[in-house]
Structures are given as C-alpha cells and as structure tokens.
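A.B. asks: whatever this is, show me its structure:
(chains A and B)
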There are 2 protein chains.
Amino acid sequence: MILHGYYRSSASYRVRIALNLKGLPVSHVSHHLRKGEQRAADYLPLNPQGLVPTLVADDGRALTQSLAIVEWLDETYPQPPLLPADPWERARVRAFAQAIACDIHPLQNLRILTKVKAMTGSDDDSQAWARFVNEDGLAACEAMLANEPGPFCFGTRPTLADICLVPQLVNARRFNADVARFPRLLAIEVAANALPAFADAAPAKQPDAE
Amino acid sequence: MILHGYYRSSASYRVRIALNLKGLPVSHVSHHLRKGEQRAADYLPLNPQGLVPTLVADDGRALTQSLAIVEWLDETYPQPPLLPADPWERARVRAFAQAIACDIHPLQNLRILTKVKAMTGSDDDSQAWARFVNEDGLAACEAMLANEPGPFCFGTRPTLADICLVPQLVNARRFNADVARFPRLLAIEVAANALPAFADAAPAKQPDAE
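C.D. replies: Numbering: from 1, shown residues only, chains lettered A, B, ... in the order given. Modelled structure (predicted):
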C-alpha cells in the first residue's frame, strides 16, 4: 500500500497511527502542502479534493478521507480493533472522532488559514482563529470524556478517538492553544504516546519533516 | 427516541432522512440556532459541543454527531442498509459523506459565518466565504462520482452519501452557489427527493420552519 500524505498533516498522522497499530507496512509519498503539491494534476485523479491523505491499495485503487481510510483498515485488518464491538460504544467513539475531524481540524487547516489571512490581511487574525477553534473544540472533547475512566479516550485500548485526539493536540500547541486547560486529554496523550504505534507516527519522526 | 435539531440545520436534516428511510418514529425538539438555544445550560450535558443534532435513545442515553448517529441507526436497524456491504465500497461512501461533513458543512455553518463577519466587519465577506466553500467542495464531490452510474451517489439505493449530499445542496443554494455547475449532483438530488423519506425531511416541511 502507498500512503500519500505530509508529515505535518494531522489527517495523514491519523492514518499513520492506524497503520502502525495494525502492523501494516506502507510506502510513503510526501506532498508538500505549502507548495501546493496536493493539487498537482497527476495527484487529483487519486484525490479530487486535492487533499491528503490518500491510501492506494495494492491493486491501485485509491481511498480518501482519513476516517474512512481508518475504518476500512479496521474492517479489512480486524486486529487489534480500533472501534468497540458494541454499536452504542462504537457510535460514541465515532462521535468523538468527528467532533475533532469535522468541527476542529477543517477549520484550522492551511487552506482556511490562508483564506482568513486573505480576508483580514492579518497573519495575527488567522493565528488567533486557529487558537480559538482548537481551544473551543478541545474543551468540548474534554467534556465528552468527563465520565470515562481512561487511560485512553474510551477504555483500556486505543481507538479511532485517540487516533484523532493525539494529532489534534500537536496542532493545538502549534497554534499556542492553552492545552493545560484539558488535563484529561493530556493524560490520554501521555498514555497513547507511550505506545510505539503513536510515537513513531509523530510528524517530527517522518522522513519529510523539515 | 428524541431528536434534538433545527429545521435548517443540515446535520439535523441528515438524521431526519435516515430516520425516515428506516421508518423509525421520533419526537422532535427544536433548538433555535440564531437564538443560541443549542448552548442552553440544560442542553449542554446532552451535547457538550453545543451543536445539533443529538439523538436521545429510549433509555435516555444521548448520542451526538450526525454521521455517528446515522451509522448507529444503520447498525441497530439494518433495513434498509445505508452503507454497502463490501468494505471498500463502504469506505468510498464514507469518504464522500466526510468530504461534505468535514470539508464543506463545518466551514459554512452559523458559528463560523458569525466569526468571519466579526473579523472582517462585512456580511458580504461571510456570504462570499460560504459560497466559495460550497462551490469548491461540491466540485470535488462531482468529480468523486465521475465514474458512478447513478441514479444515487453510489448505485441504485440511497446511502449515507446521498443523506449528506441533499442537505448540502440546500445550503449551497441558500448561499447563492452556482449549483448548475454540478449536473451529476443535481440529478442525484432529483432521484433522492422523489423518495418521501428525503422529501419529508426537507427544512421547509418541519414544524419549526419559519
């Protein structure tokens, strides 16, 4: 399999964690986002949105959207499971993942920050926006886990929820969000990063890291 | 079951379609978004994000995030299925749904438009932003379906993909997006709205419509 991604893309980071948890080997192709390589003419047929990640299977078929990719990996390579078996618990994990993947991450990615800067003429505004989105969204995430025992988001094993949370915390710090407000999320991050599957997927450890 | 929503919330609209397709009765509780009722103190315990929709099951447990709710409904009430049986095809449907639910809808909801207006001081800017996000995102959606035979997004039955597409097209028109650029999406919309499950879920048909 080939993963088209970028070291600092948190959506790519999610897929890297999932691949590591499943123990699946993959070749990496890096698309430099600030240079716009994700919108290159030879890449758009694989990913019409012009985004990373894209996973290309051994038969050449391409799959987009990080959560869809992770669920496909989970259905195709079931061990270890990345979602609970119980439908209600699965739904809670998905809801937490989507609270990040729908309501935090897309609002603070490069495409949007560039647009905010263009509208306001200010780099400060785009940074303040990103900080606000992260703090507001992570506060909700902290509340969503108020009755969970840990050490991971939902119980004693990492799930899709942790796969989304850990990369988002890296983003949050990059935008100087006050993550100390979220002790529960930070404790989960420590538990997750103690696993090589998470630690090895970190942006700084990728070959395309700058 | 109780669905906390709002007639014009496209995420609520998705859940209404799914409930109709499954033939499940539900009570509706409306939260007026412009009045901020989704952030009321007695609602936040159900939905810490302060968003709609929330589905409350008969045992009182609450579930958030529209895609997670729809997948829970699909796993709990399997007929008719809202996702294909094949894992790869399921993933493609999820990816299309997420292209809307992650990369279009959150960028043009009320919370963000209010923020854009506050930053730029211009209502025109927030409307132009919403139009741009819809046109850019729907162009990718049109491309993602380039090789699909129809009449629905993926084949002969409505799926989670159609459940996301139809409400997004309503939003797109509200922001004066040029939807005529997307003939494939419009043809799917016609096929979907020929089904009562879709037509009856439309914002204008809800009791809280203004």
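A.B. asks: can stretch A:83-94 be said to contact chain B?
C.D. replies: Yes - Stretch A:83-94 lies within reach of chain B by Cβ under 8 Å from any Cβ of the partner chain, at A:87, A:88, A:90, A:91, A:92, A:94. Backbone N, C-alpha and C define where each C-beta goes, glycine included.
A.B. asks: buried subset of those?
C.D. replies: Neighbour-count burial (16 or more other Cβ atoms under 10 Å in any protein chain shown) applied to these gives A:90, A:91, A:92, A:94.
A.B. asks: alpha carbons of the helix or strand hosting the last one, in PDB - could you do that?
C.D. replies: Using DSSP states H and E, residue A:94 sits in helix A:87-101. What follows is the C-alpha trace of helix A:87-101 in PDB, where atoms were taken according to Å, rounded to 0.1, in the frame of the first residue of the first chain:
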ATOM      1  CA  PRO A  87     -22.900  -0.400  18.400                       C
ATOM      2  CA  TRP A  88     -23.600   2.300  21.000                       C
ATOM      3  CA  GLU A  89     -20.000   2.400  22.200                       C
ATOM      4  CA  ARG A  90     -18.800   2.500  18.500                       C
ATOM      5  CA  ALA A  91     -21.100   5.400  17.900                       C
ATOM      6  CA  ARG A  92     -19.600   7.300  20.900                       C
ATOM      7  CA  VAL A  93     -16.100   6.700  19.600                       C
ATOM      8  CA  ARG A  94     -17.100   7.900  16.200                       C
ATOM      9  CA  ALA A  95     -18.800  11.000  17.600                       C
ATOM     10  CA  PHE A  96     -15.700  12.000  19.500                       C
ATOM     11  CA  ALA A  97     -13.600  11.400  16.400                       C
ATOM     12  CA  GLN A  98     -16.000  13.500  14.300                       C
ATOM     13  CA  ALA A  99     -16.000  16.300  16.900                       C
ATOM     14  CA  ILE A 100     -12.300  16.700  16.000                       C
ATOM     15  CA  ALA A 101     -12.400  15.700  12.300                       C
END
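A.B. asks: give me the three-state assignment for residue A:4.
C.D. replies: Classification of residue A:4 by DSSP: H, G, I helix; E, B strand; the rest coil places it in strand.
A.B. asks: ranges for the helices of chain A?
C.D. replies: A:10-22, A:66-76, A:87-101, A:110-120, A:123-144, A:160-174, A:183-193, A:196-199 (DSSP state H).
A.B. asks: adding mean pLDDT and distance to residue B:177 as columns, could you present those in CSV?
C.D. replies: Formatted as CSV, the helices of chain A follow (pLDDT from 0 to 100; distance: least, Cβ to Cβ, whole Å):
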stretch, mean pLDDT, distance to residue B:177
helix A:10-22, 98, 25
helix A:66-76, 98, 25
helix A:87-101, 98, 24
helix A:110-120, 81, 16
helix A:123-144, 93, 23
helix A:160-174, 98, 29
helix A:183-193, 98, 36
helix A:196-199, 98, 40
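A.B. asks: let's have these in a markdown table, adding distance to residue B:162.
C.D. replies: Listed next are those as a markdown table, based on distance: least, Cβ to Cβ, whole Å:
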| stretch | distance to residue B:162 |
| --- | --- |
| helix A:10-22 | 24 |
| helix A:66-76 | 16 |
| helix A:87-101 | 19 |
| helix A:110-120 | 26 |
| helix A:123-144 | 28 |
| helix A:160-174 | 24 |
| helix A:183-193 | 35 |
| helix A:196-199 | 35 |
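A.B. asks: contacts only, for the nearest residue to residue A:183 once chain neighbours are set aside.
C.D. replies: Spatial nearest neighbour of residue A:183, chain neighbours left out: residue A:142 (8.0 Å); criterion: Cβ to Cβ, 6 or more residues apart in numbering or on different chains. Residue A:142 is in contact with A:181, A:182, A:183, A:184, A:185, counting by Cβ atoms under 8 Å, 6 or more residues apart in numbering or on different chains.
A.B. asks: which of these ranks first by neighbour count?
C.D. replies: Using other Cβ atoms under 10 Å in any protein chain shown as the neighbour test, those are led by residue A:182, with 22 neighbours.
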